[in-house]
Structures are given as C-alpha cells and as structure tokens.
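S.K.: Sequence unavailable; structure follows:
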C-alpha cells in the first residue's frame with residue numbers, strides 16, 4: 001500500500017521519502033530514521049544503488065557543462081531536483097556563465113524548504129512547488145516565466161525522476177507537454193533507473209519497487225526500449241541512450257570498469 005498524499009501538506013518524517021533516501025545514498029545528513037531504513041533495504045536488494053547515486057550526480061554535472069559550453073544554453077528547468085548536494089545545476093551553470101538562469105521544480109515540502117534556503121540571495125534562480133504529473137502548471141508558473149524566456153532555447157532536466165512516473169501517467173505525453181511550448185533547439189535530459197544489467201531484471205526491479213511502494217512515491221524501473229519510446233520526435237545527441245557513465249565521460253576520470261553496474265541510462269535529446 002502506498003503512503004498516501006498527506007505528506008504533501010503535513011511534515012511526515014515517519015514516511016520514507018525518495019528525495020531523502022537519495023540524500024542518504026549520497027552520504028548526506030538530511031534524512032530521518034524511516035528514510036535510512038528504507039534506503040538500507042534498497043541497498044540490500046540492489047547494492048549498486050550507491051553507484052547509481054554517484055554516477056547520476058556526475059552525469060548531471062557533465063551534462064550541464066556540455067549544454068552551457070557546447071550548446072549555448074543559458075536557462076534550465078530542473079524537475080524533481082531533490083535535496084541540495086554539491087554540484088547543483090545553478091552552481092555548475094553559473095560558474096561558467098554568471099547570467100545563467102535556473103528554475104528548480106519539486107513537490108516535496110522538505111526539498112522546497114532546503115531549496116529556498118539554498119537559493120536565498122542567489123540571482124537568476126528560483127524553486128517552485130509543482131508536480132511533473134501536471135506539466136501545464138510547471139510551464140505556466142509565474143515564477144518560472146519570470147526567469148525562463150520561452151523565445152530562447154532551454155534545457156529541461158528530468159534527472160532520476162521519470163522512474164517515479166508510472167506508465168498509467170503516460171510519461172511520454174508529460175514530456176511532450178513540457179517541451180511543446182519551448183523553442184526548437186531546446187534540450188531534454190533524462191537519466192533513468194533500469195535493471196537491464198541484472199541477471200534477473202524483472203525479479204530485481206520488482207524487489208526494489210516493492211520497497212518504494214511504502215514511500216511517498218512509487219518507483220518504476222524501465223528497460224532500454226521503454227525509455228526510447230519516451231524520446232520519439234526528438235533528435236538524440238551523440239552518443240545517444242547509453243549507460244550513464246558512458247555519456248561523454250570526463251577524460252581525466254576515464255570509463256567505469258563496468259558501466260552497466262550503475263543501473264542507469266542517460267540521454268540528451270534536442271527538440272527539432
């Protein structure tokens with residue numbers, strides 16, 4: 001049985017939060033006993049989740065640098081941002097261009113509180129309380145529109161968030177609605193949990209999903225072909241949909257010994 005929705009309006013540290021669990025995976029301290037217990041259960045079922053968390057953050061930093069330096073993107077919408085950690089989008093982007101503008105989007109009250117504190121006094125940034133399941137409310141948000149110029153290309157970051165959107169919610173249509181009002185030449189960034197590298201993908205994914213069923217947000221690992229269907233109508237940027245550590249790795253860090261162990265796919269796509 002799922003945790004229900006009262007956590008959205010009432011602080012419920014007794015209900016595990018994927019955002020706080022992810023913070024625990026990264027070695028952070030912004031989590032509670034319920035989060036740590038659920039996170040340890042995930043680690044027991046899939047120890048590679050710790051590698052996933054680290055590689056996902058590394059991908060986020062690489063892709064923001066790529067979009068700023070190689071693609072000239074100066075504005076970002078980061079949906080499902082999670083709790084702040086080193087190398088947040090605005091830190092990476094504004095280190096390269098102080099005029100870069102970033103809007104973070106989340107619906108977790110703890111994330112929102114930490115985000116507002118982090119962004120206080122930081123120009124060109126905002127965090128808004130919106131849900132990926134309601135894309136029209138995101139792109140129509142007044143605070144977002146004060147920073148994001150729809151006449152210029154933007155980068156939309158769906159980093160480690162789509163595996164918390166079930167098939168019934170039609171994630172491909174959610175993406176379409178998000179990207180539709182943005183100018184051609186905008187970029188869509190996705191990282192997504194998978195069990196494709198595991199000996200028994202269905203069994204191992206089901207075990208992790210069972211644990212997340214008792215958190216604030218259910219999880220849905222997807223295979224490569226399922227993720228590719230979400231990208232129809234977009235032009236994939238080289239190297240396409242690959243294991244996360246293989247997406248334009250930093251030359252000084254090299255390739256992971258077994259990139260599939262991170263249990264994540266990563267891709268950047270351009271709106272034609």
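M.R.: Structure's in. What do you need? Computed from a prediction, not measured in an experiment: that's the story for all the values here.
S.K.: rest of the way, CA atoms for contacts and neighbours
M.R.: Noted.
S.K.: and residue 104, which of the three is it?
M.R.: strand (DSSP: H, G, I helix; E, B strand; the rest coil).
S.K.: Look up the pLDDT of it for me, please.
M.R.: Looking at residue 104, its pLDDT stands at 98.
S.K.: Tell me if I'm right that it and residue 78 touch.
M.R.: Yes - using C-alpha atoms under 8 Å as the test, residue 104 is close enough to residue 78 to be in contact (4.8 Å).
S.K.: And the two? Which one has more around it.
M.R.: residue 104 (25 against 22; other C-alpha atoms under 10 Å).
S.K.: got the end-to-end distance for stretch 171-190?
M.R.: 12 Å (C-alpha to C-alpha, to the nearest Å).
S.K.: Now do the buried residues in it.
M.R.: 171-172, 174-179, 182-183, 185-190 (16 or more other C-alpha atoms under 10 Å).
S.K.: Test of understanding: give the bridge partners of residue 77.
M.R.: Judged by DSSP bridges, the bridge partners of residue 77 are residue 103, residue 156.
S.K.: Model confidence score at it, please.
M.R.: Per the predicted model, pLDDT is 98 at residue 77.
S.K.: how near is it to residue 179?
M.R.: For residue 77 relative to residue 179 (C-alpha to C-alpha), the value is 11 Å.
S.K.: Report the contact partners of residue 197.
M.R.: Neighbour list for residue 197: 260-261, 263 [criterion: C-alpha atoms under 8 Å, 6 or more residues apart in numbering].
S.K.: element containing it?
M.R.: Per DSSP states H and E, residue 197 falls between elements, in no helix or strand.
S.K.: which sections of the stretch 151-272 of the chain are below the confidence cut-off?
M.R.: In the predicted model, the stretch 151-272 of the chain carries pLDDT under 70 at residues 252-257.
S.K.: And the strands in it?
M.R.: 155-159, 187-193, 235-236, 242-243, 264-270 (DSSP state E, counting those that start in this stretch).
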